[in-house]
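1. Return a 3D structure for these sequence lines:
(one chain, ligands or ions: 1)
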Amino acid sequence: MSDVEVRGVTTGYGSTPVLHDIDLTVRSGTTTAVLGDSGSGKSTLLKVIAGFLRPLSGSVLIDGSLVADERTFVAPEKRGVGYVRQDGGLFPHLSVAGNVSFGLAFPRRRHRGRVLELLELVGLGPEFADRRPDQLSGGQQQRVALARALALEPKVVLLDEPFSALDTALRASTREATASALRQAGATALLVTHDQAEALSFADEVAVLRDGRFRQVAAPRLVYNQPVDPHVAGFLGDAILLPGAATDGRVRCLLGELTVAGFCPSGACKVLVRPEQVQVLPVGQGIEAVVESCEYYGHDALLNLRVEDGEPLKARVTGADAVEPGGHVGLLVRGPVRVFAEQD
Ligand SMILES: Nc1ncnc2c1ncn2[C@@H]1O[C@H](COP(=O)(O)OP(=O)(O)OP(=O)(O)O)[C@@H](O)[C@H]1O
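-> Model (predicted):
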C-alpha cells in the first residue's frame, strides 16, 4: 500500500471553491480520519483523491505518482483506489461472492478461494458467500462492501461515512471489523466521519476540517489534549471554556488557580477544561457548585453544574457517582489545563 499526498488543493463545484489550498499526507499503511461538520468538504476531499472531481489548483499524488493537477488527470479506475460508500452500494442482483469478485477477471467463479479469504478478513464466514445483499444486515453489507474494495488490492481505501447508517451496537462491531481488516491488509485508508468518537478510536491521525480548511492534523491524543483552538476543542468532545487571567504558567478562573500545560499567554484568556477533569467531591471541599441536571448514561453520567452566578459547567462521573439535581458538591480540577488567547 502507499502514501496519499494532497498538496495545496483548491477545488469545488463550478467556480465556487469548497476546499481551499489544503495539504494532507496519509502515510503508507496508516489510517487518517477526516472529521468535520456537515458541508465542511469531507466527501469533496475523497472525490478529488478518487478522481471524481478535478482540482482547480494543487496536486494529488498516490504512491509518489502524480494523479491530478491542473494539467494531469488519471482516470479513477487507473488510480488503484477502493471506495466504500455510506450505503455500501452493493449490486442487489449479485450474490455476496458475485459482489466481492465483481472487479476481478473472468470467470469469476475461479476466485471462490480468494472471495472466502476476503470474507474471513472482514469477519464473515463462508455461509454468507451465496446470500444476496437483501439477506444481510446493514453491518454485514458494509463488511461485504469493504471486502469488495479490498479484492482489487487497492493502493488506498477511501471510506465515506461507512458506519453512519448503522445502529450503535452494530456500528461498534462493524468499525472494529473494518479497522482489523484494514490493518491485516496493510491498507492506507482515509475515513470521512462527523463522529468524533469514531475518528479518535479508529484512526492513527485525525484531520479536523472546517469550512474547507484543515484546522489541525495530528494523532488522536494530541488533537484531543492539545487542540489548536476552542472550535477544535469543542468539536472533539465536551469542552468547558471559562474566562481566565494567566501569568507565568498559572491561570485564575471560576474553578480556582490552575496549572497551564503548553503555551500560556499573559493576561485575559480562555481556559479549556474537559468534564472528566472536574472531580466531584463532598460539599466543603474545593469550589462549591449545585447540580442543575444529570444526564445518566449507565457507565457514566454528565452533571450540569453551576457555581454561584457563573457559567454553566459539566463534570463527567461514573454512573455510580451520579448526583441528583439540586445536590450541592465541591469541585476540583485534576491535572493541568490548556488556555487559548482571548481572541481565538
Ligand atoms: N455535486 C455538487 N454540486 C454542487 N455543490 C456541491 C456538490 N456536492 C457537494 N456540494 C457542496 O459542497 C459543500 C461540501 O460538500 P461535501 O459533500 O464535501 O460536505 P461533507 O463535509 O461531506 O458533508 P456531509 O457530512 O453532510 O456529507 C457543500 O456546501 C455542498 O452543498
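2. Could you report the neighbour count for the residue of the stretch 101-250 of the chain found nearest the ligand?
-> When CB to the nearest ligand atom is the measure, the stretch 101-250 of the chain has its nearest residue to the ligand at His194, with 5.2 Å between them. All C-beta spots, glycine's among them, are computed from the backbone N, C-alpha and C. Taking other CB atoms under 10 Å as the neighbour definition, His194 ends up with a count of 17.
3. from what I can see it touches Ser38, true?
-> Yes - with contact defined as CB atoms under 8 Å, His194 reaches Ser38; the gap is 6.4 Å.
4. Contact partners for the nearest residue to Gly89 once chain neighbours are set aside?
-> Among residues not flanking Gly89 along the chain, Ala145 sits closest, at 6.4 Å (CB to CB, 6 or more residues apart in numbering). Contacts here follow CB atoms under 8 Å, 6 or more residues apart in numbering; on that basis Ala145 touches 84-85, 88-90, 99, 162.
5. Among these, which lie within strands?
-> Val84 (DSSP state E).
6. And the residue of the stretch 101-250 of the chain closest to the ligand, what's its pLDDT?
-> Each residue has a pLDDT score; the one for His194 is 89.
7. Backbone dihedrals for it, both of them.
-> Listed backbone geometry of His194 is phi -110, psi 10, with angles given as degrees, to the nearest 10.
8. how about this protein, which residue sits the furthest from its center?
-> Relative to the C-alpha centroid of the chain, counting by CA atoms, centre = their mean, Gly284 is the outermost residue, at 40.4 Å.
9. which residue sits closest to it in space, ignoring its chain neighbours?
-> Take Gly284 and drop its neighbours on the chain: the residue closest to it by CB to CB, 6+ apart is Gly330, 6.1 Å away.
10. Would you mind confirming that that neighbour is in contact with Pro282?
-> Yes - contact criterion CB under 8 Å: Gly330 and Pro282 qualify, at 6.2 Å.
11. what residues does the stretch 51-200 of the chain put near the ligand?
-> Listed as neighbours of the ligand in the stretch 51-200 of the chain under the rule CB under 6 Å from any ligand atom: His194.
12. 8 Å instead, please
-> Residues of the stretch 51-200 of the chain that fall close to the ligand, judged by CB under 8 Å from any ligand atom: 160-161, 192, 194.
13. Distance to Ser180 for those - can I get that in JSON lines?
-> JSON lines is the format used below for those (distance: CB to CB, whole Å):
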{"residue": "Asp160", "distance to Ser180": "20"}
{"residue": "Glu161", "distance to Ser180": "19"}
{"residue": "Val192", "distance to Ser180": "20"}
{"residue": "His194", "distance to Ser180": "23"}
